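A.B. asks: Give me a model of this one.
(one chain, ligands or ions: 1)
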Amino acid sequence: MIIYNKANNTFTLHTRNTTYQMKVDQYGVLLHTYYGARVTDADLSYLIRRADRGFSPNPSEAGHCRTYSLDTLPQEYSTCGVGDFRLPSLELELADGSHIADLRYAGYEQRERKYALEGLPAFHGDGGETLVLFLEDAAAHVTVELYYGVFADYDLITRAVRIVNRGEETIGLCRAASLCLDFQRADLDLITFDGRHAMERGFNRAALRPGVQSVGSIRGTSSHQHNPFVMLCQQDAGEDHGLCYGAMLLYSGNFEAAVERAQFEDARLVMGIHPYHFRYNLAPGESFTTPEAALVCSPQGFAGMTHCFHRAIRERLVRDAVVGRKPVLVNSWEATYFDFDAEKLMKLAQEAASMGIELFVLDDGWFGKRSNDRGGLGDWWVNQEKLPGGLSALADRINALGMQFGLWIEPEMVSEDSQLYAEHPDWALCAPNRAYTRGRSQLVLDFSRQEVRDYIYGELGKVLSSANITYLKWDMNRSLSEVWSAALPADRQGELYHRYVLGVYEMLESFHRDYPHILIEGCSGGGGRFDGGMLYYTPQIWCSDNTDAVDRLRIQYGTSFCYPASTVGAHVSAVPNEINHRMTPLETRGVVAMSGVFGYEMDLSRTTAEEKEVIARQVQRYKECWDLVAEGDYYRLSSPFGDAAYTAWAHVSQDKRRALVSLVTGTTCAAPPFLTLRLKGLDPHLCYRVNGEESYPGDVLMAAGYALPMFKGDYQSLQLCLEAE
Ligand code: DGJ
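C.D. replies: Residues are numbered from 1 along each chain as shown. Below is the predicted model:
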């Protein structure tokens with residue numbers, strides 16, 4: 001609900017459990033007054049206290065009143081050059097060379113439906129409303145439109161900003177954040193999700209310290225290293241208690257999330273496109289729209305925030321080609337790498353089919369001169385030596401086994417050893433008079449260029465119409481360097497990083513439009529582009545190249561804070577694990593992978609009869625409980641980052657009548673103690689039968705817990721299926 005209170009000049013956004021408020025003050029400055037648990041529609045600006053603060057300057061309208069300073073007041077969208085020295089949200093370079101933006105309120109508009117953003121991912125669908133606040137810099141002739149989308153049922157508030165040049169001279173946009181959120185307190189913890197290739201989204205929590213702390217990416221993708229989702233919370237907040245805020249950016253390129261703990265113990269979060277090498281020219285009449293950011297505030301801890309993001313992402317962001325259960329898949333990558341022919345693939349597919357697996361995905365190596373990762377990218381035609389008869393012959397044989405057929409592609413890349421590169425060397429990102437920097441021995445195509453995108457889309461279109469393909473894995477295996485485009489003039493090179501992302505989005509949107517039946521999985525060397533932007537186009541993302549069950553506990557734990565299990569690609573692979581050489585039981589690998597979009601990625605023809613039985617049972621179990629994983633509420637029962645003897649989590653159906661509880665132990669010691677697992681999210685008044693055997697009241701399972709058996713050996717696992725009686 002959006003309320004404009006004329007008497008107070010306040011705009012209040014109510015969701016089911018939260019309230020967000022802004023106020024236009026006596027000078028037309030838009031102040032941020034409150035974001036927290038839902039309250040009645042009062043003017044909350046009384047919370048803003050003023051004092052004469054030395055060295056915090058005062059705008060001219062304030063005369064000699066030294067208690068009014070933009071440097072100390074909580075701003076809704078912070079500016080630059082006019083006396084607020086904290087993190088700016090907007091930075092303009094005007095035609096006269098000044099970097100000044102002074103924004104004053106100029107009006108508002110309310111819409112019944114949630115806004116959309118052209119060419120950019122955004123939450124969508126029913127139940128959303130829009131508020132647009134217009135701010136103006138009269139001297140610069142610039143209008144800034146602040147967009148708010150309010151999804152009351154999800155406690156979700158989205159934000160985006162449109163900057164319009166209404167003057168007669170070109171201006172430069174050097175910084176344009178998607179959101180600014182001021183807090184009149186700084187006793188907060190910042191939580192970020194960081195890591196590296198094959199170890200993405202670790203959980204890092206630290207108290208705000210004075211000054212600016214930030215995470216971000218200048219790699220051209222959202223990156224393995226830092227995720228464009230961050231949290232701020234009360235210092236005593238945990239899973240079930242305490243005020244916490246989550247902020248996600250729906251963007252797949254360079255980003256920055258910066259928090260400043262400022263001098264008077266206030267804090268500011270600014271999130272948006274990273275200002276590094278960002279400069280957009282806005283000619284008279286032109287505008288720039290930022291990516292969307294989404295906020296959730298949970299007065300009751302992390303779990304509440306997670307549930308809001310999960311439901312909103314599932315129901316209002318992802319546009320899924322598959323309604324209902326997704327097919328259990330086998331992916332050829334860790335089974336064969338580049339070394340395969342049709343017969344080897346068929347053997348893998350036959351084994352998979354016999355265990356109930358439903359989709360065969362042919363990964364890298366099927367096209368051009370691609371016998372290793374040094375060649376072939378860009379030549380999207382089938383390698384007839386490996387696959388005589390082409391993809392259709394293979395797909396037909398796979399289909400005859402009762403399985404669907406899926407294919408790997410990496411559209412944004414080109415190998416130097418390819419026909420495409422020989423014909424169009426200038427299509428790769430490169431800078432004049434400089435050598436290329438290779439990444440995984442490949443170069444990046446300039447996706448800001450229409451002719452490059454048109455060519456790739458045309459070639460991939462031929463592939464898709466050549467065979468019965470129902471699934472695509474869209475990979476992206478290197479960061480951007482030599483970011484310079486032959487198609488842009490010198491003063492527009494600062495637009496390239498963003499134009500690249502827009503080009504990727506445009507092509508993904510074309511796939512979505514032209515091949516609505518194809519399920520697309522996103523991937524970037526595993527989870528190097530796991531973000532809300534990609535999820536709008538690719539309803540699931542390969543979570544990490546690390547398939548080791550124990551490392552995955554951490555990766556999937558960090559991922560779970562924002563992103564639902566229905567979006568997390570997770571596969572069982574062989575042991576010793578390819579990446580870290582760890583041995584884990586097959587059962588445990590199944591339990592961990594079942595907490596996502598489930599599949600296998602191993603040479604199934606090399607499994608023993610006993611292992612085949614275990615796999616067939618796992619596939620069957622997933623088919624029985626997939627809806628809990630895909631649609632249930634997710635509860636973290638313990639953290640893999642602490643000292644707990646086990647990592648546990650649960651998926652609970654929305655009606656609380658069913659649950660799937662999973663647990664993995666660490667390493668064992670002699671004479672281990674007996675452990676108890678306290679569950680969450682159950683109905684205290686219902687009685688649950690556990691694995692078809694004993695029954696326990698819900699309140700007992702949550703307060704007293706489930707008595708765990710004694711585990712023998714390292715990395716053991718347990719799965720409990722709970723059914724209300
Ligand atoms: C990186 C991906 O994350 C892997 O799953 C696999 O598809 C390889 N690329 C193929 O080159």
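A.B. asks: just the strands in the stretch 1-150 of the chain please.
C.D. replies: 2-5, 10-14, 18-24, 30-37, 90-93, 104-111, 128-137, 142-151 (DSSP state E, counting those that start in this stretch).
A.B. asks: which one of those lies closest to the ligand?
C.D. replies: Taking Cβ to the nearest ligand atom, strand 142-151 is the member of the strands of the stretch 1-150 of the chain nearest to the ligand, at 32.4 Å. All C-beta spots, glycine's among them, are computed from the backbone N, C-alpha and C.
A.B. asks: can you tell me which residues contact the closest residue to the ligand within the chain?
C.D. replies: Nearest residue of the chain to the ligand, counting by Cβ to the nearest ligand atom: D364, 3.5 Å away. Shown in contact with D364 (Cβ atoms under 8 Å, 6 or more residues apart in numbering): W333, Y337, F338, R370, D373, W408, E410, D475.
A.B. asks: how about the strands of the stretch 1-150 of the chain in CSV, adding mean neighbour count, mean pLDDT and distance to D548?
C.D. replies: CSV is the format used below for these (neighbours: other Cβ atoms under 10 Å; pLDDT from 0 to 100; distance: least, Cβ to Cβ, whole Å):
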stretch, mean neighbour count, mean pLDDT, distance to D548
strand 2-5, 15, 97, 47
strand 10-14, 21, 98, 43
strand 18-24, 24, 98, 38
strand 30-37, 20, 98, 39
strand 90-93, 22, 98, 44
strand 104-111, 15, 98, 48
strand 128-137, 21, 98, 40
strand 142-151, 23, 98, 37
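A.B. asks: Including distance to the ligand, could those go into TSV?
C.D. replies: Formatted as TSV, the strands of the stretch 1-150 of the chain follow (distance: least, Cβ to the nearest ligand atom, whole Å):
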stretch	distance to the ligand
strand 2-5	42
strand 10-14	39
strand 18-24	37
strand 30-37	38
strand 90-93	36
strand 104-111	41
strand 128-137	34
strand 142-151	32
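A.B. asks: if we can go back for a sec, and of the contacts of D364, the nearest to L708?
C.D. replies: W333 (35.2 Å; Cβ to Cβ).
A.B. asks: Just confirm that closest one contacts D603, I think it does.
C.D. replies: No - counting by Cβ atoms under 8 Å, W333 does not reach D603; the two are 10.9 Å apart.
A.B. asks: Looking at those two now, which is surrounded by more residues?
C.D. replies: Using other Cβ atoms under 10 Å as the criterion, W333 and D603 rank with W333 on top: 23 against 18.
A.B. asks: for the more buried one, what are its contacts?
C.D. replies: The contact partners of W333, by Cβ under 8 Å, 6+ apart, come to D363, D364, W408, E601.
A.B. asks: can you rerun that using 7 Å?
C.D. replies: Going by Cβ atoms under 7 Å, 6 or more residues apart in numbering, W333 touches D363, D364, E601.
A.B. asks: Look up how far Y536 lies from the residue of the chain closest to the ligand.
C.D. replies: 25 Å (Cβ to Cβ, to the nearest Å).
A.B. asks: cool, and A140?
C.D. replies: Counting by Cβ to Cβ - A140 and Y536 are separated by 33 Å.
A.B. asks: Just the buried ones from the contacts of D364, in ChimeraX syntax?
C.D. replies: If you want just the buried ones from these in ChimeraX, going by 16 or more other Cβ atoms under 10 Å, the selection is:
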select :333,370,373,408,410,475
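A.B. asks: among the contacts of D364, which are in reach of the ligand?
C.D. replies: When contact is defined as Cβ under 6 Å from any ligand atom, the contacts of D364 meet the ligand at W333, W408, D475.
A.B. asks: excluding its backbone neighbours, what's nearest I191?
C.D. replies: M231 (4.0 Å; Cβ to Cβ, 6 or more residues apart in numbering).
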